[in-house]
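My questions concern the predicted model and sequence given below.
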Amino acid sequence: MALGLQDLEAILDISQKINSLAKPKDILQDIALYAARLLNAEGASILLVDQETGNLHFEVAFGISSDKLLSLVVPKGKGIAGQVAQSKHYRIVNDTSQEKDFYSGVDRMTQMQTRNLIAVPLLRNDIAIGVLEVVNAKDGGFDEEDVLLLQSFANQAAIAIWNAFLYQEIKDRAKEMEYLYRISNLTTSSFNPKDVFFQIASLIRDVFESERVSIMFLDEKKNSLVLVAGTGIDENLTEKVQIPLESDRISAMVMKKNRAFFTNNIEQQGLKNKRLRYQKGAFMAVPIRSKNIPVGVLSVSEPREGVVYSLDKVKLLQTIASQVGYTHDTLKIYQERIEHEKLRREIDILRMLQNALLIKDFTRFSKLSLAARMTPAEVVGGDFYDVFELDEKHIGFVIGDVSGKGLPASLFMAVSRSVLKAYAYQLREPSEVLSMANHILYDDSRVGMFVTVFYGVLDLESCEFRYANAGHNMQYVYRGQTNQIHLLSGRGIPLGIQPKTEFEAQSLILTPHDLVFLVTDGVLEANNQNGMEFGFGNLKRVVESYGNMSASAFVQALFREVEEWSEGVAPWDDITVLAFKLA
């Protein structure tokens, strides 16, 4: 059959569409319209093949009940269209009531009557990308001449459709990159999580032309998804939206399965969500991942008129969700850095206060050779020492070691030092000072902390040194004339353990040759690279070598020996030394 002028014009018009930049939807609508007119029929439709499943989806339809066709899916190989797609060969049916392969399900769903039809494959490189179907010829039926005309038309239409979708895919990829770029800019525009995620939700709303967007993250303590930002949600519900993971809600299932979900009809899926009052049945939800572990859910719903969710849209939403996950990680790191910086400043202040508490200038004690030093194992330590004038002829000496390390120990150290010094000015007997301090520290030590303390008072006139011990067993006197070391013992338990306890009072007379040195266990327990402790033997060696020198020379020598022994191994406990002798 020779093609008529009108036929050639229609085919030429489609050929022009091949090189056009029209949207795929517009091209498909034009093809369906021209096909129906070309064959003088009541309607026409285009079904495209899902290359993964083989099912056919109505993309456009022109004619009776065309709007109802758009939500239908024809299973692979089902009906006339399904067979044409599989066989890549046309079919003519002029009496559908006599055709066993006719899929009447479409007519039942749309309430339309298909009397006759012609279907031809849309081929691209011998691959069926869809089916062009024309129904209900107005002049009675279809014939082979109609096949020739429609197939010629379909060949050009297939090229137009392929090019349109290819061009659309390129545009979509470009838009996808633009969206990701804009989201990445939002990440750096503000470090307020609520503001950033709200702006991202607003962008997603525009991208998917949907009114409702929600960004939810997992609250591990509540074991629930908590809304952090969204659009189109009642403000009265925003602060209350929490979805327990054990619930059967869509977002909870997406989170638990770590898998995307979408539908254009929630009720057909047997799912409901009355709480958020969905007006439409379309819904997309994808997991937000951090290092491939789900940390939240991004969902989109309430599409605008004419918007249909698809697998491609879900893929784009998942790509955006990956960027949201990156944003989540970035903001979390930033917040942690802020908290770390805040903690660092607080530690710096605490270290300054601790250093201020530890006396370093001993020049005013002119009648003594006196030195002290402390090296904390952490940034701030729990060891402490103090030297103070009680009056013109009495000087107090204290060394202590708080249980634990770091900030808690440092805070308890500051309290212990202040309490001891306060009672030292009121009471002359060291045992009584420890007893009163213990009473106060026991009440304050609700977290189970305690402190070992050695406290002594030197009478500068009589050279008597009176002392008491609260569980601190590393205080000695070196008798220079006999080259002997004696432990300054005394019964007493650490402060803060029992509400009432007694401490044994002790005393001795010092000579200018004697060196009193008080240390904490960090000295003896300093480890080297072989795990061996510094120990009393090394301490004794240092004392015997430097005990007859000044207190300052002794302290410097002891720290030098400990550092050399440690061979660069960081101390696990604070190291403190206080030493004095009569000048």
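Perfect, I can see it now.

Dihedrals phi and psi, Tyr309?
Here the main-chain torsion angles of Tyr309 (degrees, to the nearest 10) amount to phi -80, psi 140.

can I assume it is in contact with Glu302?
No - Tyr309 lies out of contact with Glu302 (CB atoms under 8 Å); the separation is 11.1 Å. In this view, the C-beta of every residue, glycine as well, is placed from N, C-alpha and C.

Mind listing the shared neighbours of those two?
Ala282 (CB atoms under 8 Å, 6 or more residues apart in numbering).

Domain ranges for the protein, per the record?
Listed domain ranges for the chain are 5-170, 190-334, 358-582 (source: automatic domain parsing).

in which helix or strand would I find the residue lying closest to Glu561 once chain neighbours are set aside?
Nearest residue to Glu561 in three dimensions, chain neighbours excluded: Val542, at 5.2 Å (CB to CB, 6 or more residues apart in numbering). For Val542, the element it lies in under DSSP states H and E is helix 535-546.

Let me see the mean pLDDT of stretch 506-513.
Per-region confidence: stretch 506-513 scores 94 on mean pLDDT.

What residues are bridge-paired with Gln484?
Arg479 (DSSP bridges).

State the distance from it to Ser507.
For Gln484, the distance to Ser507 equals 18 Å [CB to CB, to the nearest Å].

Now for Arg289: which residues touch it?
Per CB under 8 Å, 6+ apart, neighbours of Arg289: 258, 295, 321-322, 325.

Kindly recompute the last result at 7 Å.
Applying CB atoms under 7 Å, 6 or more residues apart in numbering to Arg289 gives the contacts 295, 322, 325.

That one in helix, strand or coil?
strand (DSSP: H, G, I helix; E, B strand; the rest coil).

From Arg259, how far off is it?
According to CB to CB, Arg289 stands 11 Å off from Arg259.

How about Lys280?
From Lys280 over to Arg259 (counting by CB to CB), the distance is 23 Å.

who has more neighbours, these two?
Lys280 (17 against 12; other CB atoms under 10 Å).

so that one touches Glu305, yeah?
No - with contact defined as CB atoms under 7 Å, Lys280 does not count as touching Glu305 (9.8 Å).

which residue is nearest the centroid of the protein?
Central residue of the chain (CA atoms, centre = their mean): Asp329, 4.8 Å from the mean position.

So which other helices or strands are in contact with the helix or strand where that residue lies?
Using DSSP H and E, the element containing Asp329 is helix 311-357. Counting contacts by 3 or more CB pairs under 7 Å, 6 or more residues apart in numbering; DSSP states H and E, helix 311-357 packs against helix 144-189, helix 193-207, strand 283-290, strand 293-303, helix 406-424.

Now with 8 Å, please.
Applying 3 or more CB pairs under 8 Å, 6 or more residues apart in numbering; DSSP states H and E, we find helix 311-357 packed against helix 144-189, helix 193-207, strand 261-263, strand 283-290, strand 293-303, helix 406-424.

Measure how buried Val213 is and give me the count.
With neighbours defined by other CB under 10 Å, the count for Val213 comes to 27.

same deal with Pro24?
20.

What of Arg124?
Residues near Arg124, counting by other CB under 10 Å: 15.

correct me, but it touches Gln156?
No - contact criterion CB under 8 Å: Arg124 and Gln156 do not qualify, at 11.6 Å.

what residues are up against the closest residue in space to Glu525 that isn't next to it in sequence?
Of all residues not flanking Glu525 in the chain, Glu533 sits nearest, at 5.3 Å (CB to CB, 6+ apart). Counting by CB under 8 Å, 6+ apart, Glu533 makes contact with 524-527.

go on, His439?
His439 sits next to 499-500 when contact means CB under 8 Å, 6+ apart.

how about it, secondary structure?
Here His439 takes the helix state, with states given by three-state DSSP.

coming back round to it: would you turn the domains of the chain into CSV with distance to Tyr181?
Output for the domains of the chain, formatted as CSV (distance: least, CB to CB, whole Å):
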stretch, distance to Tyr181
domain 5-170, 17
domain 190-334, 9
domain 358-582, 42
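
Go through these and name the closest to Leu180.
Closest approach to Leu180 among these (CB to CB): domain 190-334, 5.2 Å.

Figure out how far that closest one is from the centre of its chain.
Counting by CA atoms, centre = their mean, to the nearest Å, domain 190-334 is centred 17 Å from the centre of its parent chain.

swap in stretch 550-559?
On the basis of CA atoms, centre = their mean, stretch 550-559 sits 51 Å off its chain's mean C-alpha point.

got it, and stretch 324-338?
Worked out by CA atoms, centre = their mean, stretch 324-338 lies 7 Å from the chain centre.

By neighbour count, which bits of that stretch are buried? Give me those.
By 16 or more other CB atoms under 10 Å, the buried positions in stretch 324-338 come out as 324-328, 331.

Using PDB, write down the CA coordinates of stretch 290-305.
Extracted in PDB, the C-alpha atoms of stretch 290-305 (Å, rounded to 0.1, in the frame of the first residue of the first chain):
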ATOM      1  CA  SER A 290      26.900   6.200  57.500                       C
ATOM      2  CA  LYS A 291      29.700   3.800  56.400                       C
ATOM      3  CA  ASN A 292      26.900   1.600  54.900                       C
ATOM      4  CA  ILE A 293      25.200   1.400  58.300                       C
ATOM      5  CA  PRO A 294      21.700   2.800  58.500                       C
ATOM      6  CA  VAL A 295      21.500   5.800  60.800                       C
ATOM      7  CA  GLY A 296      18.200   7.300  59.600                       C
ATOM      8  CA  VAL A 297      15.500   7.400  57.000                       C
ATOM      9  CA  LEU A 298      14.700  10.000  54.300                       C
ATOM     10  CA  SER A 299      11.100   9.900  53.100                       C
ATOM     11  CA  VAL A 300       9.100  11.800  50.500                       C
ATOM     12  CA  SER A 301       5.300  11.800  50.000                       C
ATOM     13  CA  GLU A 302       2.300  13.900  49.000                       C
ATOM     14  CA  PRO A 303       3.400  14.400  45.300                       C
ATOM     15  CA  ARG A 304       2.000  17.300  43.300                       C
ATOM     16  CA  GLU A 305      -0.500  16.800  40.600                       C
END
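
Give the rounded mean pLDDT of it.
Mean pLDDT, stretch 290-305: 91.

I would like the residues contacting that stretch, please.
204-205, 208-218, 225, 228, 232, 250-251, 254-255, 258, 278-280, 282-289, 309, 317, 320-321, 324-325, 328-329.

how does it look with 6 Å?
Under the contact criterion CB atoms under 6 Å, 6 or more residues apart in numbering, stretch 290-305 has outside partners 208-218, 225, 232, 251, 254-255, 258, 280, 282-288, 321, 324-325, 329.

that older thread, who has more neighbours, Gln484 and Ser507?
Ser507 (14 against 11).

got the contact list for that one?
464, 466.

give me that answer again for 7 Å
Applying CB under 7 Å, 6+ apart to Ser507 gives the contacts 464-466.

and it, what helix or strand is that in?
Here Ser507 is assigned to strand 505-509, by DSSP H and E.

Okay, buried residues for that strand please.
Neighbour counts over strand 505-509 (16+ other CB under 10 Å) mark 505-506, 508 as buried.

repeat for stretch 552-567
Under the neighbour-count criterion of 16+ other CB under 10 Å, stretch 552-567 has 554-559, 561-562, 565-566 buried.

what do you get for stretch 202-210?
Neighbour-count burial for stretch 202-210 [16+ other CB under 10 Å]: 203-205, 207-208, 210.

and if you look at stretch 126-140?
Buried residues in stretch 126-140 (16+ other CB under 10 Å): 128-137.
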